[in-house]
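**Student:** Need a 3D model of the sequence below.
(one chain, ligands or ions: 1)
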Amino acid sequence: MPLALTNAENSADFDTKDIIAMVSRVIPVDPFDLVIFGGTGDLARRKILPGLFRRWCAGQMPSDARIIGAARSRMDAAGYRAAVKEAIAQFGKDIRAEAEQLDGFLSRISYVTTDARGEGGWPELGAQLRDGVVRAFYFSVGPGLFGDLAERLHQFGLITDASRVVVEKPFGRDLASAKALNAELAKHFREDQIYRIDHYLGKETVQNLMAVRFGNMLFEPLWNAQYVDHIQITVAETVGVDGRGGYYDKSGAMRDMVQNHLMQLLCLIAMEPPSKFDPDAVRDEKLKVIRALEPVDYHQIVRGQYDASSEQPSYREHAENPRSTTESYVAMKVHVSNWRWAGTPFYLRTGKRLRARTSEIAVVFKETPHSIFGDEAGGHRNILTIRLQPNEGITLGVTIKEPGPGGMRLVDVPLDMSFAEALGPDAEDVPDAYERLIMDVIRGNQTLFMRGDEVEAAWAWTDPIIQGWEKRGEVPKPYDSGSAGPDDALMLLHRDGRRWRDIRT
Ligand code: BG6
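**Tutor:** Down below sits the predicted model:
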């Protein structure tokens, strides 16, 4: 029985048209040159180039913007344009565009053959860059090349004051390697020029976490250990690691998802209100959360690895490592040791090949201190659920009287705000994470990017957990493909008298 809180009919001062206008409002960015190192790679083809094309179609990119692909492959600009066209056809199927728009976009694209470890191509790249415009270098390559690329850019005098560098995860595989990467970048770029991407921060609903918390009076007074029983953060995927077993088997869910994406979600949910929505104010508060995380006892963590199903191979087959002890699932109980959260557990879980693809954060409030309706009415809790994907939206479970005669029976109903319903077809025009983040790079807004100290603090907390597993020679628990994860994960909450929310879309 959902109570629809969806559109203007429900409120005099809430107009869907205004929201749609805001969402679709496009503020053009300044002229820029964007160099994509790894311009022929998977990420560029799947995300970066189709994303840029969407922004072009939305009118956000200036007509003289330049996008320069850079990679080792020998090809000319025409060859690269053809590859970009193909990538857009394959990965940008949803883009509604006229042929002229595509031609216009392709006319902004060129290519240089460069080698991060050699000298070829760098003067040619320099010749294509303009002075007086934003210069962004996107390192869409493995972290092993970050230092070399920064060095070459410096050697050939290509780094200007208006230059920015964008780097992808994984940003290191432990604290020592993250520190080394930070140091390599810091040799030639200031911190305010470095944009470390965590694409979860670019997701519309993830940003909405901040809007919900700090744009409403309703929630913030209750957002603490006194009123919140516990918080669950779930990022469940149905995909396995097929095709990327080589990378994944050396990482595992802890490095691939928890150290970055789940940690960012935890920070946004747990942080104190920043004094303003400004990059350092926000990141200072997130950093305090990471530093307040208690070390996790190994009894409070469950690692899992998916088994084969009738149609799908097991993790070990996907990873081509019959004895792999890498986890494809992690669940853990975490404490943020500060006044706001003392005693309130945060339960985090993420895994591959689970029952459904769903990511959500559930804030489970405490029961009322005293029930005036007697024992029969049962105990009820408000649960605020923020659904990150799919079906993005926010639901607040509210207890009401069960309609009809027969006494005072209580029932929980959702106050449901689905973004797709509220925004209608225009919800589709909301930029995807990469689009938004790349435009933020051009605008010079670092709020949704990780600062160097944040990444290091996250590794400092993660390292002992991984080292503990290695030291104890721990083997992950098997779980069925298509299930909710290993049974031990159920016990993690059961022991505390709680239960996980269902994994379903
Ligand atoms: C990536 C991980 O960072 O995020 C992948 O490397 C994971 O393993 C992906 O599948 C999930 O992202 P999304 O946006 O699909 O939730």
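**Student:** Report the contact partners of the closest residue to residue 168 other than its chain neighbours.
**Tutor:** Nearest non-adjacent residue to residue 168, counting by Cβ to Cβ, 6 or more residues apart in numbering: residue 197, 5.4 Å away. Any C-beta I mention is one placed from the backbone N, CA and C, and that applies to glycine too. Neighbouring residues of residue 197 by Cβ atoms under 8 Å, 6 or more residues apart in numbering: 166-169, 437, 449-450.
**Student:** Residue 270 now?
**Tutor:** Counting by Cβ under 8 Å, 6+ apart, residue 270 has contacts 231, 289, 336, 340-341, 346.
**Student:** What of residue 187?
**Tutor:** Per Cβ under 8 Å, 6+ apart, neighbours of residue 187: 150-151, 154.
**Student:** any idea how far residue 263 is from it?
**Tutor:** 27 Å (Cβ to Cβ, to the nearest Å).
**Student:** Closest to residue 422 out of the contacts of residue 197?
**Tutor:** residue 437 (23.8 Å; Cβ to Cβ).
**Student:** Three-state assignment for the spatially most central residue of the chain, please.
**Tutor:** Nearest residue to the geometric centre of the chain (Cα atoms, centre = their mean): residue 200, 1.1 Å. Secondary structure, DSSP: H, G, I helix; E, B strand; the rest coil: residue 200 is helix.
**Student:** nearest residue to it other than its sequence neighbours?
**Tutor:** Closest to residue 200 by Cβ to Cβ, 6+ apart is residue 261, at 4.3 Å.
**Student:** that's a strand at that neighbour, yeah?
**Tutor:** No - Residue 261 is assigned helix when assessed by three-state DSSP, not a strand.
**Student:** Please tell me I have it right and it contacts residue 235.
**Tutor:** Yes - taking Cβ atoms under 8 Å as the definition, residue 261 is a contact partner of residue 235 at 6.4 Å.
**Student:** Overlap in contacts, those two.
**Tutor:** Joint contacts of residue 261 and residue 235 (Cβ under 8 Å, 6+ apart) are residue 350.
**Student:** Figure out how far stretch 363-371 is from the centre of its chain.
**Tutor:** 31 Å (Cα atoms, centre = their mean, to the nearest Å).
**Student:** Start the count at 57 instead of 1 going forward.
**Tutor:** With 57 as the first residue, the last one maps to stretch 419-427.
**Student:** What are the contacting residues of it?
**Tutor:** With Cβ under 8 Å, 6+ apart, stretch 419-427 has contacts from 278-279, 283-288, 325, 433, 435-442, 554.
**Student:** again, 10 Å this time
**Tutor:** Residues outside stretch 419-427 that contact it (Cβ atoms under 10 Å, 6 or more residues apart in numbering) are 268-269, 275, 278-279, 281-289, 325, 400, 403, 433-442, 452-453, 455, 466, 554, 557.
**Student:** Endpoint to endpoint, it covers what distance?
**Tutor:** 21 Å (Cα to Cα, to the nearest Å).
**Student:** what comes up buried for that stretch?
**Tutor:** Neighbour counts over stretch 419-427 (16 or more other Cβ atoms under 10 Å) mark 419-422 as buried.
**Student:** All good on my end, thank you.
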